[in-house]
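Novice: A predicted structure for the sequence below; I have some questions about it.
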Amino acid sequence: MSGEIGSYLRRLHDYLGKSISDSHEPLNLVSDIASLCFHSSTPADQALITSNLFDKKYGVCVFLRQAATVDELTAAKDELLRFLEKFLSQIGKQILPYAVDLKDTCMSLFVRDRMAKVKAATFPLLTQLLEVCVNSSVVTDLDIPKMIQKLFMSCASSKLSATVIGGLYHVLGSISESFPVEMEPYSDRLLNIIIKVLQKEMLGKSKKPEMTIIAGCLRGLACFLTNFTQSVEEGSPHAGDIFKFATMTIDPKPMATMSRFDVPRAGFHLLAKHAVQFKELIKAKYKLLYSWLMDGCRHRNRDVKNAAFMATESFLQTVAQEMDSTAPADVEMFKSFIDSFRSIINSPDSDTKEISIAIRGYGFFAGPCRRFMSGRDIKFMFNDMIQRSENLFVTDADLFEDKLSHLPSFLDALANILREMTEVSETFVSSLEKLVVLMMEQYPRFAIGYHRQCYQALSKVMLALAPHGAVLRSFLSHITYQGLIRSCSHPVVMEEVTISVDGSVSGVGDAVSRPRSYLDYTQLWYHMIEAPHNKGIQLQWSAMEEQKLVDRTLYDELISSVLKLVDKLDLSSTRTAGLDGEVD
């Protein structure tokens, strides 16, 4: 395979020294290279392919730099940059030996290539590369300060297209998120530039706003605010403007006339990441914002809907945290949200995403619920929620991927409410067990991005039951036994495999191409036993004693479940006579 890639790369380099009559030929070569690279099955193959791709003589970086002034290769360069972005997400830290060369190549294309299409394609790759390089040994060699200076010099150019300008502000923002120390001397300058550009594009009436510039600025701001906060509480003079720009982009009326949705997605994303910085402004406009966010969650575009869902979660969490008194305004706000959640859950027209929002909302409002409601009301609410959850996930046989992805959120919210309950009935625990066992059984179907949510939901449920002693033991006994049965009820893998200390598996094909086996569950069990000590999972309300109790009980019940299963296995053997009369 690596030999084929080397051959394709040499043929690609041949186009640098000759007249190109058909631009599709080099483009097809790039597609062939990408196809080969994405079909590598083992880490060893991947390492060899990466070495070939970044060869000092015929590698992709050499080709891109030499092709920077060749306009006929624009399509091939654009496709190659997009391929490298996807490939980088696959190989991760394996790129580090070639990171400096790749960064220099991106900057060379940005400065020297005449085509906006190529310039713009360098930014997503550069952003992802810098994220991978954070805290690595190559940071000094990347010379981030020099790169920042070059990018700022380009901000003053009047020759750049709207797409390139938007990408430029986004990549500067991402640098401020990944390398705040290097960006610190330029932070005020970058913020002022972005604010002025947004004011010109969104408030100016002299020309039609450039949506790609607005989207790029908002994405850059979402990154920038991670390390350079601009909260109302800190007295930032820009907090009001940033909040205004973000909320303007999610207004359903202008959104209804759009054919592309990069701007509202960027606005939702900014609010999802940084709603807490604008908590006072959010509280003042909570009714209007909530209606806009819910409209976004019902949007026809899937990406907009997902972004709105994340923003709504962050909004509800922020509002719940601000509900810290029994003042009439807070009581009214609390009742408004609880009524909305109840209406969504009881409506037969609510889809899975809307019900998930209501369930998550109940979870975020668990603390205020204890302040404003009686224990009986909380029990009734929990019962209502868990019955709805069972109807969605257990009773309904059609577990589509979109529906399944909300299960960890449901369990997370149920754990928050459990934490506020003084008594937990057997009926509640039985329903909770069904949902947890279902998530464990369906774990291989979850996209990798949802695995962390699964681990955290399991940890929070176990810790929520910790104060209830015998209930915790009964719960863990059930889920470990049923989980083991579901993990091991699959064909034995005949290939040689290696399971590392973190539960990850190597030496086999990917999970999509092979039948499901116990290997697909190893990381789930690893994180169940070790959580929340691994992968940075932090549970704000967990006490050390409760965590130790959960750890001990879980380990005991796991061993007990293993012994039960072994005891039930039929390990008897029989002796049979062969055709020649000998006993086998």
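Specialist: That came through, no problem.

Novice: separation between L53 and F261?
Specialist: The gap separating L53 from F261 is 34 Å, by C-beta to C-beta, to the nearest Å. Yep, even glycine has a C-beta here, placed from its N, CA and C like the rest.

Novice: make that H406, sorry
Specialist: Per C-beta to C-beta, H406 is found 22 Å from F261.

Novice: list the contacts for the most centrally placed residue in the chain?
Specialist: The C-alpha lying nearest the average C-alpha coordinate of the chain belongs to G449 (C-alpha atoms, centre = their mean; 5.2 Å). If a contact means C-beta atoms under 8 Å, 6 or more residues apart in numbering, then G449 has no contacts.

Novice: Assumed it was part of a helix.
Specialist: Yes: per DSSP: H, G, I helix; E, B strand; the rest coil, G449 lies within a helix segment.

Novice: 845 is where my numbering starts, stick with that
Specialist: Taking 845 as the first residue, the last one we looked at is G1293.

Novice: So it versus E1077, what's the distance?
Specialist: Note on G1293: its distance to E1077, by C-beta to C-beta, is 32 Å.

Novice: same check, this time on K990
Specialist: Using C-beta to C-beta, K990 is found at 35 Å from E1077.

Novice: What of T949?
Specialist: Separation of T949 from E1077 (C-beta to C-beta) stands at 43 Å.

Novice: neighbour-wise, which of these two wins?
Specialist: Ranked by neighbour count (other C-beta atoms under 10 Å), T949 and E1077 place T949 first, with 25 against 12.

Novice: What helix or strand is the more buried one located in?
Specialist: helix 943-956 (DSSP states H and E).

Novice: list the helices and strands the helix or strand following that helix packs on?
Specialist: Heading C-terminal from helix 943-956, the first helix or strand you meet, by DSSP H and E, is helix 960-977. Under the contact criterion of 3 or more C-beta pairs under 8 Å, 6 or more residues apart in numbering; DSSP states H and E, helix 960-977 touches helix 918-935, helix 943-956, helix 983-986, helix 1006-1022.

Novice: which one of the ones you listed lies closest to Q1367?
Specialist: Set against Q1367 and scored by C-beta to C-beta, those come closest in helix 918-935, at 18.3 Å.

Novice: Buried residues of the closest one, list them for me.
Specialist: 918-925, 927-929, 931-932, 935 (16 or more other C-beta atoms under 10 Å).

Novice: what does stretch 960-980 give?
Specialist: By neighbour count on 16+ other C-beta under 10 Å, the buried set for stretch 960-980 is 960, 962-974, 976-977.

Novice: What of stretch 901-921?
Specialist: Those would be 902-908, 911-912, 917-921, for stretch 901-921 by 16+ other C-beta under 10 Å.

Novice: Go through those and name the one nearest A1257.
Specialist: Using C-beta to C-beta, V904 comes nearest to A1257 of the buried residues of stretch 901-921, at 46.4 Å.

Novice: Of L897 and F1105, give the one with the bigger neighbour count.
Specialist: Using other C-beta under 10 Å, the more surrounded residue of L897 and F1105 is L897, with 24 against 21.

Novice: Look up how far I1009 lies from the nearest residue in space to that one that is not next to it in sequence.
Specialist: In this structure, L897 finds its nearest non-sequential neighbour in V904, 5.5 Å apart by C-beta to C-beta, 6 or more residues apart in numbering. Distance, V904 to I1009, using C-beta to C-beta: 27 Å.

Novice: quick one: which helix or strand includes M1229?
Specialist: helix 1219-1234.

Novice: Let me see the mean pLDDT of that helix.
Specialist: Averaged across helix 1219-1234, pLDDT comes to 78.

Novice: So which elements touch the lengthiest helix in the chain?
Specialist: Selection of the longest helix in the chain by residue count, based on DSSP state H, yields helix 1388-1412. Here helix 1388-1412 touches helix 1295-1309, helix 1314-1332, helix 1366-1374, going by 3+ C-beta pairs under 8 Å, 6+ apart.

Novice: quick one: it to chain centroid distance?
Specialist: 31 Å (C-alpha atoms, centre = their mean, to the nearest Å).

Novice: Now do it and helix 1314-1332, the angle between them.
Specialist: 50 degrees (axes from the mean of the first three to the mean of the last three C-alpha atoms, to 10 degrees).

Novice: In helix 1388-1412, which of the residues would be classed as buried?
Specialist: So for helix 1388-1412, counting by 16+ other C-beta under 10 Å, buried means E1390, Q1391, L1393, V1394, T1397, L1398, E1401, L1402, S1405.

Novice: got it, and stretch 1313-1333?
Specialist: For stretch 1313-1333, using 16+ other C-beta under 10 Å, the buried residues are 1315-1328, 1330-1331.

Novice: Next: stretch 1068-1077.
Specialist: By neighbour count, with 16+ other C-beta under 10 Å as the criterion, the buried positions of stretch 1068-1077 are F1068, L1069, F1072, Q1074, S1075.

Novice: Check stretch 1266-1279 too.
Specialist: Under the neighbour-count criterion of 16+ other C-beta under 10 Å, stretch 1266-1279 has V1268, F1272, V1273, S1275, L1276, E1277, K1278, L1279 buried.

Novice: who touches F1112 in this structure?
Specialist: F1112 makes contact with T1093, I1094, G1140, V1148, A1151, A1152, M1154, A1155 under the criterion C-beta under 8 Å, 6+ apart.

Novice: Check the spacing between it and Q1043 real quick.
Specialist: Distance from F1112 to Q1043, by C-beta to C-beta: 21 Å.

Novice: How about K1049?
Specialist: 12 Å.

Novice: Compare the two (neighbour count), which wins?
Specialist: Ranked by neighbour count (other C-beta under 10 Å), K1049 and Q1043 place Q1043 first, with 13 against 5.

Novice: For V1163, give me its contacts.
Specialist: By C-beta under 8 Å, 6+ apart, the contact list for V1163 reads I1126, K1127, Y1130, M1177, F1181, F1208.

Novice: Leaving out chain neighbours, which residue sits closest to the third one?
Specialist: If I follow you right, that is Y1130. In space, Y1130 is closest to V1163, 5.8 Å off (C-beta to C-beta, 6+ apart).

Novice: Need the buried residues of helix 1388-1412 in JSON lines (columns: distance to V1305 and pLDDT).
Specialist: Formatted as JSON lines, the buried residues of helix 1388-1412 follow (distance: C-beta to C-beta, whole Å; pLDDT from 0 to 100):
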{"residue": "E1390", "distance to V1305": "13", "pLDDT": "82"}
{"residue": "Q1391", "distance to V1305": "13", "pLDDT": "82"}
{"residue": "L1393", "distance to V1305": "14", "pLDDT": "87"}
{"residue": "V1394", "distance to V1305": "10", "pLDDT": "89"}
{"residue": "T1397", "distance to V1305": "13", "pLDDT": "92"}
{"residue": "L1398", "distance to V1305": "12", "pLDDT": "93"}
{"residue": "E1401", "distance to V1305": "14", "pLDDT": "94"}
{"residue": "L1402", "distance to V1305": "16", "pLDDT": "93"}
{"residue": "S1405", "distance to V1305": "18", "pLDDT": "94"}
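
Novice: ok, so of the residues you listed, who is nearest R956?
Specialist: Closest approach to R956 among those (C-beta to C-beta): Q1391, at 55.9 Å.

Novice: Spatially, and excluding backbone neighbours, which residue is closest to the closest one.
Specialist: Of all residues not flanking Q1391 in the chain, L1307 sits nearest, at 6.8 Å (C-beta to C-beta, 6+ apart).

Novice: Sweet, I'm off.
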